[in-house]
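Peer 1: Output the structure for:
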Amino acid sequence: MRKTSGGITGGIIMIGIAVLLITDYWWPGIMFVMGAALAVPALLRKEYSKAGLAVVIFAGIPFVVTAMVNITYVAAAVLAIVGLYSIIKRS
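Peer 2: Numbers count the residues shown, from 1 in each chain. Take a look at the predicted model:
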């Protein structure tokens, strides 16, 4: 299974890079390619927690970076959620 996993990983990376070259969608596309390259072989080995972790990490990084760039919106959303929680808790 080890050789097959390596072949699958390499194939996913090559296809992913080809798609990125055609679409010129490098960020966050490269993160999704990396996540898929790790998740698919883990899924085939029935290592579901490893596959899920790969997806969460590599799909989550672009969201965290975007949130850091748009910190004003994140701060406003957090304040609104805390305010709503406070209102609901007091009623």
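Peer 1: Now name the helix or strand holding the most centrally placed residue in the chain.
Peer 2: Note on the chain: the residue nearest the mean C-alpha position is residue 59, at 0.6 Å, using Cα atoms, centre = their mean. Take DSSP states H and E as the rule and residue 59 turns out to sit in helix 48-69.
Peer 1: how far away is residue 28 from residue 71?
Peer 2: Distance check for residue 28 against residue 71: by Cβ to Cβ, to the nearest Å, it reads 18 Å. From N, CA and C alone the C-beta is placed, and that goes for glycine too.
Peer 1: which parts of the helix holding residue 59 are buried?
Peer 2: Within helix 48-69, the residues that count as buried by 16 or more other Cβ atoms under 10 Å are 51, 54-55, 58.
Peer 1: repeat for stretch 12-19
Peer 2: In stretch 12-19, counting by 16+ other Cβ under 10 Å, buried: 12, 16.
Peer 1: where does it sit relative to the chain's centre, distance-wise?
Peer 2: 17 Å (Cα atoms, centre = their mean, to the nearest Å).
Peer 1: can you check stretch 19-31 too?
Peer 2: Taking mean C-alpha positions (Cα atoms, centre = their mean), stretch 19-31 and its chain are 14 Å apart.
Peer 1: again with stretch 53-61
Peer 2: The answer for stretch 53-61 is 3 Å, by Cα atoms, centre = their mean.
Peer 1: do the same with stretch 72-90
Peer 2: 26 Å.
Peer 1: what ranges do the strands span in the protein?
Peer 2: For the chain, applying DSSP state E gives no strands.
Peer 1: which sections of it are below the confidence cut-off?
Peer 2: 1-6, 91 (pLDDT under 70).
Peer 1: quick one, helices of it?
Peer 2: 2-23, 26-44, 48-69, 71-90 (DSSP state H).
Peer 1: list the contacts for the closest residue to residue 30 other than its chain neighbours?
Peer 2: With sequence-adjacent residues excluded and distances taken as Cβ to Cβ, 6 or more residues apart in numbering, residue 30 is closest to residue 20, at 6.5 Å. The contact partners of residue 20, by Cβ atoms under 8 Å, 6 or more residues apart in numbering, come to 26, 29-30, 33.
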